[in-house]
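**Q** Fold the stuff below for me.
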Amino acid sequence: VGGELVRTNSESLVDDLLAVLDRSKVGSILAAREIEADMTRWLDALRGGGRRVVQWMQIPGDKNARVDALKTVDEIEAGLTAAEAALADTGSLVLLAGEGRSHLPSLLPRLHLAILPASRVFHSMRDWLEKDGETRLRGTSQAVIITGPSRTADIEMTLTVGVHGPARLVVLLVKDE
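**A** Numbering: from 1, shown residues only. Coordinates of the predicted model:
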């Protein structure tokens, strides 16, 4: 629903990710401190490719510390996340937050890059919940369901993209080996 899809495999993922960043002229990436080992490998490759990578854990509780922390990510051009699941019937992504997973990379930058294993595509929310979604939700503080780039037509019925989140969503669908 307004998003872009890049089909890739585990061997080509970093090259395809760098190609998207090059085409988009992106030099800085915000990523959560994901617990998945693959995310660490991807971020190391991006750093090796000359990209500035900022990792984010959570917003500090103290007001002054929070303002200072948010200033460090204000000019970041892209956010990188690993998606929990995709729901084919609505074209939506499911992202989970919790220990080591922040939603800021999917909400703050103008470009959201989501890495999704092909095995995590489900027909519907019900299918995902029945498979393992219900169990996975128990270990998280919150879930976000993203259906394309942010859009609104609240002001004079004029469609505006990117007001309440990223203006662009690119999903890198990783074919299972």
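**Q** could you pull out the helices for the protein?
**A** 13-23, 37-48, 63-73, 104-107, 125-128, 134-138 (DSSP state H).
**Q** So which of the ones you listed is nearest V144?
**A** Proximity of those to V144 was assessed by C-beta to C-beta; the nearest stretch is helix 104-107, lying at 6.7 Å. Bear in mind the C-beta positions are built from the backbone N, C-alpha and C, glycine included.
**Q** got the buried residues for the closest one?
**A** Neighbour-count burial for helix 104-107, counted by 16 or more other C-beta atoms under 10 Å, picks out L104, P105, S106, L107.
**Q** Tell me how far the spatially most central residue of the chain lies from T158.
**A** Centroid check for the chain by C-alpha atoms, centre = their mean gives T81 as the closest residue, at 3.3 Å. To T158, T81 is 29 Å away according to C-beta to C-beta, to the nearest Å.
**Q** before we move on, what about T90?
**A** To T158, T90 is 25 Å away according to C-beta to C-beta.
**Q** and what of P60?
**A** For P60, the distance to T158 equals 37 Å [C-beta to C-beta].
**Q** how close does the residue of the chain positioned farthest from its centre sit to D22?
**A** Checked against the mean C-alpha position of the chain, the extreme residue using C-alpha atoms, centre = their mean is E156, at a distance of 30.2 Å. E156 is 37 Å from D22, where distance means C-beta to C-beta.
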